[in-house]
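> I would like to see how this sequence folds:
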Amino acid sequence: MFQWFLEHDVPRNSLHIEMNSCDTLSNIRNSLKIVSNLGYSSVLLVSSPLHLYRISFLHPKKITREGIMLRLAPYSYEGISPELELLSLFKQTHHEWISLCLYLFLPEVLYKKIVYYVRGCKPGSEGPK
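I've put the predicted structure just below:
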């Protein structure tokens with residue numbers, strides 16, 4: 001994503017990267033720290049419609065306790081490059097539902113072990129190895 005923004009002439013000093021998370025909720029938590037430290041009062045999350053649905057379900061409050069407003073904007077699959085193939089859409093859809101179910105039904109310790117293993121994160125941390 002970072003590279004895409006650079007290629008589309010977004011100034012480097014406008015981009016802030018969160019590299020320490022291993023799942024959606026830790027990504028939101030860590031990103032909100034960056035946003036808060038920068039003094040912003042709102043943030044726009046752009047992602048696939050299903051991913052944003054999961055985010056909205058897991059983090060239903062639109063205003064954080066720090067007073068930062070979360071805005072969600074799904075991108076359209078129309079005209080994306082490379083074009084989304086049916087198998088990729090099938091995998092993405094099932095990934096989102098599996099991720100949500102794992103989070104909802106497994107104890108947190110087991111959920112994190114699975115996510116950390118699949119994503120190559122260090123146990124006991126939120127970031128990649």
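
> contact partners for the residue nearest the centre of the chain?
What sits nearest the mean C-alpha location of the chain, by CA atoms, centre = their mean, is T24, with 4.4 Å. Applying CB atoms under 8 Å, 6 or more residues apart in numbering, we find T24 in contact with H51, R54, I55, L58, S99. No exception for glycine: its C-beta is placed from N, CA and C like everyone else's.

> name the element the first one belongs to?
In this case it means H51. helix 49-58 (DSSP states H and E).

> circling back: what about the residue nearest to the centre of the chain, distance to F5?
20 Å (CB to CB, to the nearest Å).

> gap between Q92 and L50?
7 Å.

> those two: who's more crowded?
L50 (18 against 14; other CB atoms under 10 Å).

> from memory the more buried one sits against T93, does it?
Yes - the pair formed by L50 and T93 meets the contact definition of CB atoms under 8 Å, at 6.1 Å.

> next, format the contacts of T24 as CSV and append pLDDT, distance to R119 and neighbour count.
Conversion of these to CSV gives the following (pLDDT from 0 to 100; distance: CB to CB, whole Å; neighbours: other CB atoms under 10 Å):
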residue, pLDDT, distance to R119, neighbour count
H51, 85, 15, 19
R54, 85, 16, 19
I55, 86, 17, 18
L58, 82, 17, 15
S99, 84, 11, 20
